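> My questions are about this predicted structure, shown below with the sequence.
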Amino acid sequence: MALKERPKPYLLPEYCKGCGRCLDACAKDCIHLSDQINPLTGLVPVELDLTNCNACGLCMDACPEPYGLRPAHEGEIQDFELEDPAKLFGVKPSDAPEPVDMPSEVLPLPRTEPLVIKGTYASALGALLAGCRHVYGYPITPSTEGAELMAKFLPKLDGTFIQAVSEVATVNMMYGTAGAGLPTMTFTSSPGFSLMLEGVSYMIGAELPGVFVNVMRGGPGLGNIAPEQADIKLACHGLGHGNTRALVLAPATPQEMLDLTMLAFELSFKYRNPVILLGDGYLGQMTGKVQLPDTMIKPGIPKWAVYGDAMHRKNVITSIFLTESDLEAHNVHLNAKYEAMQVEARAESFLCEDAEVVLIACNTPARTAKGAVQELRHQGVKAGLFRPITLWPFPVEELKAAIHGAQRLVVVEASAGQLEDEIRLALSKAGVHQFPEIESVRRMGGVLPQQSEIMTRVLGRKEVLA
Amino acid sequence: MSKASVFYDKFERHSHGEGLKGHATHYCPGCGHGLAHKYLAEAIDELGIQDRTVAVSPVGCSVFLYYYFDVGNTQAAHGRAPVVALGHKFANPESIVVSYQGDGDLASIGLAETVATAQLGAPITVIFINNAIYGMTGGQMAPTTLMGQTSSTSPAGRNEYNGQPLKMAELIAGLDGPIYVERVALYDAKQRIKAKKAIHKAMKLQVEGRGYSFIEVLAECPTHLKMNPEDTEKWVKECMEPVYPLGVKKDLTVDPWFKRNTPCFKGEKILSLAGATSEHPERFCKGFPTHLAPNDISLKLAGSGGDGAQTAAMLIARAAISEGFDATHIPSYGPESRGGTSYADVHVAEDEVLNPGSPDPQVLIAFNAPSLAKFGPTVRKGGFVIYDSSVVTEAPALDPSIKMFPVPFTGIATDLGKAVVKNIVALGALQAATNIFPKDTLLGAIRTALKDKCALIPLNEEAFAWGIKSVEALDK
């Protein structure tokens, strides 16, 4: 067997921490601890005497530092200058290429007759048409049908559905796939959403896109599986630790479950941030007419992704910024992004132009309220409905226009005033301090406000719920 | 070769690469991480997978893995690295994903993710650094801390009230998912060679698409064990190794299996899965059934699970939408999977259903006596109640303006030989009692729903016809 010539070790004392692992790795006793502290590091490095060295290499295998004991190549040993790393190690820290965006494509979709499907299915189809092929989830009523449909369809589209061990695992699988630059989503419901919030904070911190469909159910705790709207504060103000924000969309029909899911993917990539779709239990289960769009998306790969190929090798996905000034700068950047998201505020105003009584509601209660508006108009009451479609950012400009001539505001919601809090906060931040007293129709615990209760509140001013 | 080229030429991410930090790790003298990094870097180099590698850094001392490795890097939340790794692997099956974790991360906070990912068995590589102590947070008890070993949270030494040290390699090897599990150490040249080989093999198995590998590395933490590096090596050998025996715990020969096609983005395929069609359904209605309501009809179907109330409700909604109207259907169930209550609220509106709930329906279809008793009194004046007279012997007295239609849904269906078609009998009765739509509208919805089970169409048509006949017989 021909012996290959092996390099002997060399060492820059500055890169030796003096751990001494190499000392007994050397059978020839070539390495000794110095008797001097290195002034640059404050540590005591080893010293080499290579007289007896047979270049076995074991000392180099024993050295934990990448730039510690290294093979000495010709001419390399003596002539270095610590002050000039470019000369020593080359000018570039890495030869990884500069990544570029691979844009997504908009593909035409043949026109079809409307489908008659439930809200969670509509949302799942919306996700597929938005180009999502990676769905992770943990079963939880009343959102599970979305995951079930994905489990059925995705294998046929060579996509991935994995039932995770928990919601915690779910959101972190999303973190991985989103980190690779691909669209990903989950279906969950209130208790499950609570469990995902750690990961949501990490995704916001690491600027990763992802869509969370939260079909809200009754709480707190295990609560029940009937509809509630009591996660509004969580989605708008409680997305885990840190200065976190995400766009929050509130659909009101199965059609919007599809449309807003598609929008959620678009916005989530536009802003590199999670988007929350807040439905309610009725909306998830409700079957209705759903028209498919004329186009669908084939996703590309954004330049910031860690896809696991040459193009994206230089990228890193992280939310850690150890130096305070770095983390503050990151927070300033994130908050500038949240500010930029304000343009995404969306709302629907129904018969508000001349309305004296403006009902304010979102999700299924907005449909009930719309029915009430129509009935009130029949009875000669000038009623209108303001429906925020984004809950964060709250469409305050649209709200100001809608309540311009109102004498009464009635917030209809299935929570203990979480929507009302959003309205008050938005008006206050917009400097609007003069507005009619806010009245409310509130139900909780899985009960939705009924049209009759809205009528009673508007016409009779009786307490509907003490 | 000692400095693998997968280490950055300069550690720009380490304090912006300033001073010595540009070329030195942040690890303490004698720490085991540096060696594990080095062997991983060498394996990546030797296998030629630098461009394909995604390294997932955990929370713990090795949170800054991405300072050093010139590969795709992702930093994960505490304990979540293996599932983040899965997210990467499934996003790009060609990528080579390493989940590099410490003992607190892998064996404590992330135990569920660790075990579930191992059991899933998808080809990723997990490098587990076990140094029997929490490093980054400053010397607290780890799940792998030895009995009697002191730490800042077991100051008197770990005792039975702190539980026993967790033997992860054995635990993981006991699962069916992994193909290769080995525990190695770093305390002498012989162990280091084994460690290097094990990490190389674990990476190679992933490159070949064979499965999940797990390498546990017994590593030194001189700082928090409060020893010098040399004594720490000795401690690992003499104290740790007896508790955590070295060696191969599992090594299966598995053919490469992990092969995933590129996802499909063909619109036609999605449309076909969704059952969407461009065929216009035939329309039979001349206009909205205003004889029932000016623009919004409210129905309730109520029975127990298995009665087919939800299917019937769905068919009414589909029939309405095929006629160009709007419709909604909201199911509600009791907690039982079978045999519990099953109610459906249906609305049919000319333009838009505004209020999808049916607290006071115009039409009630009741499949049993409790449902009739519960919802009968909520039916609006002048409304319709259609109920299964095979099971309801005595109907409650309702407002005299309400039209009652006792129809033996179950009896007819049983006579036809299939009890499950009783909901179709009910739909026939609905049609005849209310004339909500022309017969062909509901029949069309039934036929469409059964287009993949054509053999059942005649039976259902017959059930529908019997429902109509029964109502007509009542009028005579």
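Nice, thanks for sending it over.

> can you give me the helices for the stretch 151-300 of chain A?
Counting by DSSP state H, counting those that start in this stretch, the stretch 151-300 of chain A has these helices, from start to end: A:167-179, A:190-205, A:232-237, A:254-270, A:281-285.

> The ones you listed: lowest mean pLDDT?
Looking at the helices of the stretch 151-300 of chain A, the lowest mean pLDDT belongs to helix A:281-285 (a mean of 90).

> What residues of that one count as buried?
For helix A:281-285, the buried set under the neighbour-count rule, 16 or more other C-beta atoms under 10 Å in any protein chain shown, comprises A:281-285. Backbone N, C-alpha and C define where each C-beta goes, glycine included.

> do stretch B:179-197 as well
Residues of stretch B:179-197 classed as buried: B:179-189, B:191-192, B:194-196 (neighbour count, 16+ other C-beta under 10 Å).

> Likewise for stretch B:226-243?
Across stretch B:226-243, burial judged by 16+ other C-beta under 10 Å covers B:227, B:229-230, B:232-233, B:235-237, B:240-241.

> Between which two of those is the distance greatest?
With C-beta to C-beta as the measure, no two of the buried residues of stretch B:226-243 lie farther apart than B:229 and B:241, at 17.1 Å.

> picking that back up, quick one: the buried residues of stretch B:226-243 as a markdown table, columns for pLDDT too.
Below are the buried residues of stretch B:226-243 laid out as a markdown table (pLDDT from 0 to 100):
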| residue | pLDDT |
| --- | --- |
| B:227 | 95 |
| B:229 | 94 |
| B:230 | 94 |
| B:232 | 97 |
| B:233 | 97 |
| B:235 | 98 |
| B:236 | 98 |
| B:237 | 98 |
| B:240 | 98 |
| B:241 | 98 |
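
> Please report how far residue A:315 lies from residue A:104.
Computed with C-beta to C-beta, to the nearest Å, the distance linking residue A:315 and residue A:104 is 18 Å.

> Would you map the strands across the stretch 351-466 of chain A?
Listed in chain order, the strands of the stretch 351-466 of chain A (DSSP state E, counting those that start in this stretch) span A:357-360, A:383-388, A:390-392, A:408-413, A:438-442.

> try chain B
For chain B, the strands identified by DSSP state E occupy B:53-57, B:72-75, B:96-102, B:125-130, B:180-185, B:213-218, B:247-251, B:296-304, B:326-333, B:341-349, B:363-366, B:384-388, B:403-407, in order along the chain.

> looking at those strands, which one has the lowest mean pLDDT?
When the strands of chain B are compared on mean pLDDT, strand B:326-333 scores lowest, with a mean of 90.

> Where does pLDDT dip in chain A?
Residues of chain A that meet the criterion pLDDT under 70 lie in A:1-4, A:73-92, A:461-466.

> Which of the buried residues of stretch B:226-243 sits closest to residue B:304?
For residue B:304, the nearest member of those is residue B:240. The distance, counting by C-beta to C-beta, is 61.7 Å.

> hang on, the closest one packs against residue B:146?
Yes. With the criterion set as C-beta atoms under 8 Å, residue B:240 and residue B:146 qualify as a contacting pair; they are 6.7 Å apart.

> Which neighbours do these two have in common?
Shared contacts of residue B:240 and residue B:146, defined by C-beta atoms under 8 Å, 6 or more residues apart in numbering or on different chains, comprise residue B:132.

> how many neighbours does residue B:457 have?
Counted with other C-beta atoms under 10 Å in any protein chain shown, residues neighbouring residue B:457 total 15.

> residue contacts, it?
For residue B:457, the set of contacting residues under the criterion of C-beta under 8 Å, 6+ apart consists of B:446-447, B:450.

> follow-up on the earlier one: TSV for the strands of the stretch 351-466 of chain A, including mean neighbour count and distance to residue A:290?
Formatted as TSV, the strands of the stretch 351-466 of chain A follow (neighbours: other C-beta atoms under 10 Å in any protein chain shown; distance: least, C-beta to C-beta, whole Å):
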stretch	mean neighbour count	distance to residue A:290
strand A:357-360	28	25
strand A:383-388	27	19
strand A:390-392	25	21
strand A:408-413	24	25
strand A:438-442	20	28
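
> how about those, which one is nearest chain B?
Comparison of the strands of the stretch 351-466 of chain A against chain B by C-beta to the nearest C-beta identifies strand A:383-388 as nearest, at 9.8 Å.

> Outside of the closest one itself, list whatever touches it.
The list of residues contacting strand A:383-388 from outside it, by C-beta under 8 Å, 6+ apart, reads A:250, A:252, A:346-362, A:366, A:369-370, A:372-373, A:376-377, A:394-395, A:398-399, A:402-403, A:406, A:419, A:422, A:458.

> Do a quick rundown of the helices in the stretch 1-150 of chain B.
With DSSP H, counting those that start in this stretch as the criterion, the stretch 1-150 of chain B has helices spanning B:33-47, B:81-91, B:103-104, B:111-120.
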